[in-house]
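Undergrad: Fold the following for me, if possible:
(one chain, ligands or ions: 1)
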Amino acid sequence: NPKEKLGPQINYTITGIDAGAGIMASTQKALTEYPLAKNKWQLQTSSTAAMTSTLDKAIKYKQPIVITGWQPHWMFKKYPIKFLKDPKNVYGKAEQIHTITNKNLKKKDPGAYKLLSQFHWTPSEMSDVMLQTNAGVDPAQAAKNWIKKNPKRVAEWTKGVPKGNGKTLKMTYVAWDSEIASTNVISQVLDSMGYKTTIQAMEAQPMWLSVAKGSADATVSAWLPTTSGIYYKQYKNQIDDAGVNLNGARVGLAVPKYMKNINSIDDLVN
Ligand SMILES: C[SH](C)CC(=O)O
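TA: Numbers count the residues shown, from 1 in each chain. Next up, the predicted model:
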């Protein structure tokens, strides 16, 4: 009931995703800055799948819940949820998703680097792929379907790119729905140009390390400047920023719209 304070109703718990995600580091920062932690609030680590199924149940029974949320993501299309205002700007303003490559890729395979640097699309195009996968379509198939329907976009990305002639390329990513979509699409496009790409999902920190060390060539999963800024700083001398592949991303805490009196992170404290 709206009268009772929110904290006790949900055990002062923010439902999060995988521990290494940048959004989790930002939320830990919010716990101290707002200050939520000293008011007994805590961040629950789980996974994107666990968080979205917990959200689904809460919405079904119109219960209160606070989640780590981000756009683009199908959860904002499927559920009536809203971002909480972040007056202390802990989560940063709009985020961009960058394509990051190992330092040597540009020399080792200028064609693949050129294609990766030309990869750019919109939150709505990414959501088209995410919604297919959310409806049960295999991510590689969802990517193929999207590519078939968007030849003009693919032609932009492959402009001036030489054939891959079977050259191999290794991409790593974190299994967030947004990056499952982008990684499958770009690897299918590389394969259509004659490259042989393998994609491997892992936690955020090992993903950044794999590209920095060169055991992977590239990733399209870098949320910057705030969310995965910690990893960018750590590895910036071993990587190349090949450019922004998506503008207009956003990260923060989110709640169902029926929580009328919770509109800012400050409202969690009071
Ligand atoms: C898709 S999540 C916001 C990205 C991250 O936390 O680094």
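Undergrad: got the residues of this structure near the ligand?
TA: 21, 22, 23, 70, 176, 178, 204, 223, 227, 228, 251 (Cβ under 6 Å from any ligand atom). Placement of C-beta: from N, CA and C, glycine included.
Undergrad: can you pull the contacts of the last one?
TA: Spelled out, it's residue 251. Counting by Cβ atoms under 8 Å, 6 or more residues apart in numbering, residue 251 touches 22, 23, 26, 68, 69, 70, 91, 92, 95, 223, 226, 227.
Undergrad: domains of the protein?
TA: 2-93+251-269, 95-248 (automatic domain parsing).
Undergrad: quick one, helices of the stretch 151-270 of the chain?
TA: Listed in chain order, the helices found in the stretch 151-270 of the chain under DSSP state H, counting those that start in this stretch are 151-158, 177-192, 204-213, 229-235, 265-269.
Undergrad: can you check the stretch 1-150 of the chain too?
TA: Ranges of helices in the stretch 1-150 of the chain, per DSSP H, counting those that start in this stretch, are 6-9, 22-33, 48-60, 75-78, 105-108, 110-118, 123-134, 139-149.
Undergrad: Next one, pLDDT for residue 1 please.
TA: With respect to pLDDT, residue 1 has a value of 60.
Undergrad: again with the one 3 residues further on
TA: Here, the pLDDT recorded for residue 4 equals 79.
Undergrad: For it, grab the count of nearby residues.
TA: 9 (other Cβ atoms under 10 Å).
Undergrad: now do residue 212
TA: Neighbours of residue 212 (other Cβ under 10 Å): 19.
Undergrad: Pull the distance from stretch 176-196 to the chain's centre.
TA: 15 Å (Cα atoms, centre = their mean, to the nearest Å).
Undergrad: Tell me which residues of stretch 223-242 come out buried.
TA: Neighbour-count burial for stretch 223-242, counted by 16 or more other Cβ atoms under 10 Å, picks out 223, 224, 226, 227, 228, 229, 231, 232, 235, 239, 240, 242.
Undergrad: Stretch 119-131 now?
TA: For stretch 119-131, using 16+ other Cβ under 10 Å, the buried residues are 119, 120, 121, 123, 125, 126, 127, 128, 129, 130, 131.
Undergrad: pull the CA atoms of that stretch into CSV?
TA: Output in CSV follows, covering the C-alpha atoms of stretch 119-131 (Å, rounded to 0.1, in the frame of the first residue of the first chain):
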residue,chain,number,x,y,z
PHE,A,119,28.5,-0.7,-37.8
HIS,A,120,25.9,1.8,-36.5
TRP,A,121,22.2,1.4,-35.9
THR,A,122,19.3,2.7,-33.8
PRO,A,123,17.6,1.5,-30.5
SER,A,124,14.5,0.7,-32.6
GLU,A,125,16.4,-1.4,-35.1
MET,A,126,18.1,-3.2,-32.2
SER,A,127,14.7,-3.7,-30.5
ASP,A,128,13.4,-5.4,-33.7
VAL,A,129,16.0,-8.1,-33.2
MET,A,130,15.6,-8.3,-29.4
LEU,A,131,11.8,-8.7,-29.6
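Undergrad: Where does pLDDT dip in the protein?
TA: Residue ranges of the chain with pLDDT under 70: 1-3, 270.
Undergrad: check contacts around residue 212.
TA: Per Cβ under 8 Å, 6+ apart, neighbours of residue 212: 102, 234, 235, 238, 239.
Undergrad: right, and the pair among the residues you listed with maximum separation?
TA: By the measure Cβ to Cβ, 102 and 234 form the most distant pair in the contacts of residue 212, at 14.7 Å.
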